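**Student:** Below are the sequence and a predicted model for it; my questions follow.
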Number of protein chains: 2
Amino acid sequence: MKLYNLELSGNCYKVRLFAALAGISLELAPVDFMAGEHKRSPLIDLNPWGELPILQDGPVTLRDSQAILVYLGSRYAGEEWLPKDPAGLAQVTQWLSTSANEIQNGPCAARLVDKFGFAIDKAQTLARTDRILPLIDRHLSTHQWLAVDRPTIADCAVFPYVALSHEGGISLDPYPHIQAWIERVKALPKFQSMPGV
Amino acid sequence: MKLYNLELSGNCYKVRLFAALAGISLELAPVDFMAGEHKRSPLIDLNPWGELPILQDGPVTLRDSQAILVYLGSRYAGEEWLPKDPAGLAQVTQWLSTSANEIQNGPCAARLVDKFGFAIDKAQTLARTDRILPLIDRHLSTHQWLAVDRPTIADCAVFPYVALSHEGGISLDPYPHIQAWIERVKALPKFQSMPGV
């Protein structure tokens, strides 16, 4: 099972983190992101979105880090990391949407500006961050984990770009419950880090 | 089972559409969106995000239209509309992410500007639309349905704001495969429309 990977990508790290926590073996295929390898054949044929990560597992090819987490969780990790009951699965999905939208366009996009020089409106990324981080902090004031009463792929989806916020010029000082959750994630058995986390 | 609903919201329409197609009964609770009812108690206590739709089903309360589709599909509609196999579930999830991010911040946001006067950068919404609609059109040039070989909640998640594009000043003329897919969705048994579709 091959993950087309960029070490500094939080979206790729979501998958590496979950694979580590769940004990799933991945072959990492490094991609030359700065040279645009993901925008050209053969990678653009695997993912027309022109984004990383991409997962290949036999005949299955997947784009989108959230979808890859769902695949790995449901195929290789079982109910512990991805509940099968409708309410639990939906609770996880809420956070996958938050990861795909608010986190991607908030702290992730702020980091893309500061760290990689992307031409994105920084003020807008900070405004989105200023909306979403207080909501997450308040949720975590009464919950140990994001979706249900144990860590799931929802935590793996949200963790990377929240833990990397400082690389987009965002301080987590106002968010004590997020900070405590970050420490809980880091304390999980088999936790794997990335540069900046 | 109660859906806090706004008739003109495409996110609420995702849920109404799927419920109609799958034969699921919903009690619609109208929300005075323009008066900000969803930003105040009691609704803000049900969904701190301050957004619609919100679903209540006994003890289960859910925000996020994608998560609500997953819940209804997995609890009340079965595998026909939401595959249980890992690859199928992940294929659906890819499109739920596309709905939560690219569609929400593309054609949906363009419509929020034109129809509801939201203070959003219209040019950016159009740039996002100009990226995502060609990708969807190309995908639909070789697929009848978005995720797998039958209609699923993925089609219900993406359909509303694509079919409402014209209300954000976006023409679907360049996208014949999207147009054909819209007609296929509209031809589904028990299809339900909304104003503008």
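**Tutor:** Nice, thanks for sending it over.
**Student:** packing partners for the lengthiest helix in chain A?
**Tutor:** Among the elements of type helix in chain A, defined by DSSP state H, the one spanning the most residues is helix A:122-140. For helix A:122-140, the packing partners by 3 or more CB pairs under 8 Å, 6 or more residues apart in numbering or on different chains; DSSP states H and E come out as helix A:109-116, helix A:153-163, helix A:176-186. C-beta here means a position set from N, CA and C on the backbone, and glycine is covered the same way.
**Student:** and the angle for the first one with helix A:122-140?
**Tutor:** Between helix A:109-116 and helix A:122-140, the angle formed by their directions is 130 degrees, by axes from the mean of the first three to the mean of the last three CA atoms, to 10 degrees.
**Student:** How about stretch A:47-63 and chain B, any contact?
**Tutor:** Yes. Using CB under 8 Å from any CB of the partner chain, stretch A:47-63 reaches chain B at A:48-49, A:60, A:62-63.
**Student:** buried residues in that stretch?
**Tutor:** Applying a neighbour-count criterion of 16 or more other CB atoms under 10 Å in any protein chain shown, the buried positions in stretch A:47-63 are A:47, A:49, A:51-55, A:57, A:62-63.
**Student:** Alpha carbons of it, in CSV - could you do that?
**Tutor:** Presented in CSV, the C-alpha positions along stretch A:47-63 are these (Å, rounded to 0.1, in the frame of the first residue of the first chain):
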residue,chain,number,x,y,z
ASN,A,47,-5.6,12.4,-8.7
PRO,A,48,-7.0,15.0,-11.2
TRP,A,49,-7.3,17.4,-8.2
GLY,A,50,-3.5,17.8,-8.3
GLU,A,51,-3.2,17.4,-4.6
LEU,A,52,-1.5,15.2,-2.0
PRO,A,53,-1.8,12.7,-0.4
ILE,A,54,-2.8,9.9,-2.8
LEU,A,55,-3.2,6.4,-1.6
GLN,A,56,-2.9,3.3,-3.8
ASP,A,57,-3.9,-0.1,-2.4
GLY,A,58,-4.1,-2.7,-5.1
PRO,A,59,-6.9,-1.6,-7.4
VAL,A,60,-8.1,1.2,-5.1
THR,A,61,-6.8,4.7,-5.7
LEU,A,62,-8.0,7.5,-3.4
ARG,A,63,-7.5,11.3,-3.2
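**Student:** Could you check how far that stretch is from the centre of its chain?
**Tutor:** A distance of 16 Å separates the centroid of the chain from that of stretch A:47-63, by CA atoms, centre = their mean, to the nearest Å.
**Student:** out of the helices and strands packed on helix A:122-140, nearest to B:Trp81?
**Tutor:** Ranking these by proximity to B:Trp81 (CB to CB) places helix A:153-163 first, at 21.5 Å.
**Student:** picking that back up, mind giving me JSON lines with the buried residues of stretch A:47-63 and columns for secondary structure and pLDDT?
**Tutor:** Listed next are the buried residues of stretch A:47-63 as JSON lines, based on DSSP: H, G, I helix; E, B strand; the rest coil; pLDDT from 0 to 100:
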{"residue": "A:Asn47", "secondary structure": "coil", "pLDDT": "97"}
{"residue": "A:Trp49", "secondary structure": "coil", "pLDDT": "96"}
{"residue": "A:Glu51", "secondary structure": "coil", "pLDDT": "97"}
{"residue": "A:Leu52", "secondary structure": "coil", "pLDDT": "98"}
{"residue": "A:Pro53", "secondary structure": "coil", "pLDDT": "98"}
{"residue": "A:Ile54", "secondary structure": "strand", "pLDDT": "98"}
{"residue": "A:Leu55", "secondary structure": "strand", "pLDDT": "98"}
{"residue": "A:Asp57", "secondary structure": "strand", "pLDDT": "98"}
{"residue": "A:Leu62", "secondary structure": "strand", "pLDDT": "98"}
{"residue": "A:Arg63", "secondary structure": "strand", "pLDDT": "98"}
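**Student:** Give me the neighbour count for the residue nearest to A:Gln192 when sequence neighbours are not counted.
**Tutor:** Of all residues not flanking A:Gln192 in the chain, A:Ala20 sits nearest, at 3.7 Å (CB to CB, 6 or more residues apart in numbering or on different chains). Per other CB atoms under 10 Å in any protein chain shown, the neighbour tally for A:Ala20 reads 18.
**Student:** May I have the secondary structure class of A:Leu82?
**Tutor:** coil (DSSP: H, G, I helix; E, B strand; the rest coil).
**Student:** Just list the residues touching it, thanks.
**Tutor:** Taking CB atoms under 8 Å, 6 or more residues apart in numbering or on different chains, we find A:Leu82 in contact with A:69-70, A:73-74, A:89, A:92, A:152-153.
**Student:** What of A:Gly50?
**Tutor:** Taking CB under 8 Å, 6+ apart as the definition of contact, the neighbours of A:Gly50 are A:38-39, A:44.
**Student:** Of those, which is the most crowded?
**Tutor:** Top of the contacts of A:Gly50 by neighbour count (other CB under 10 Å): A:His38, with 21 neighbours.
**Student:** near chain B, which residues of chain A?
**Tutor:** Counting by CB under 8 Å from any CB, the residues of chain A lying close to chain B are A:48-49, A:60, A:62-64, A:66-68, A:70-71, A:74-75, A:86-87, A:89-91, A:93-94, A:96-98, A:100-101, A:104-105, A:121, A:124, A:135, A:138-139.
**Student:** now, which of the residues you listed lie within helices?
**Tutor:** Among the residues of chain A next to chain B, the members found in helices (DSSP H) are A:66-68, A:70-71, A:86-87, A:89-91, A:93-94, A:96-98, A:124, A:135, A:138-139.
**Student:** Buried residues, stretch A:2-21. List them.
**Tutor:** By neighbour count, and taking 16+ other CB under 10 Å as the criterion, the buried residues in stretch A:2-21 are A:3-6, A:8-21.
**Student:** now could you export just the CA positions of it as CSV?
**Tutor:** The C-alpha trace of stretch A:2-21 is given here as CSV (Å, rounded to 0.1, in the frame of the first residue of the first chain):
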residue,chain,number,x,y,z
LYS,A,2,1.6,3.2,-1.2
LEU,A,3,1.1,6.7,0.0
TYR,A,4,2.3,9.5,-2.3
ASN,A,5,3.7,11.7,0.4
LEU,A,6,5.2,15.1,1.2
GLU,A,7,6.9,15.2,4.6
LEU,A,8,5.8,18.8,5.3
SER,A,9,2.2,18.4,4.3
GLY,A,10,-0.3,18.2,7.2
ASN,A,11,-2.7,16.5,4.9
CYS,A,12,-0.2,13.7,4.3
TYR,A,13,0.7,13.7,8.0
LYS,A,14,-3.0,13.0,8.8
VAL,A,15,-2.6,9.6,7.1
ARG,A,16,0.9,8.9,8.4
LEU,A,17,-0.3,9.7,11.9
PHE,A,18,-3.3,7.4,11.8
ALA,A,19,-1.4,4.6,10.1
ALA,A,20,1.2,4.8,12.9
LEU,A,21,-1.5,4.9,15.7
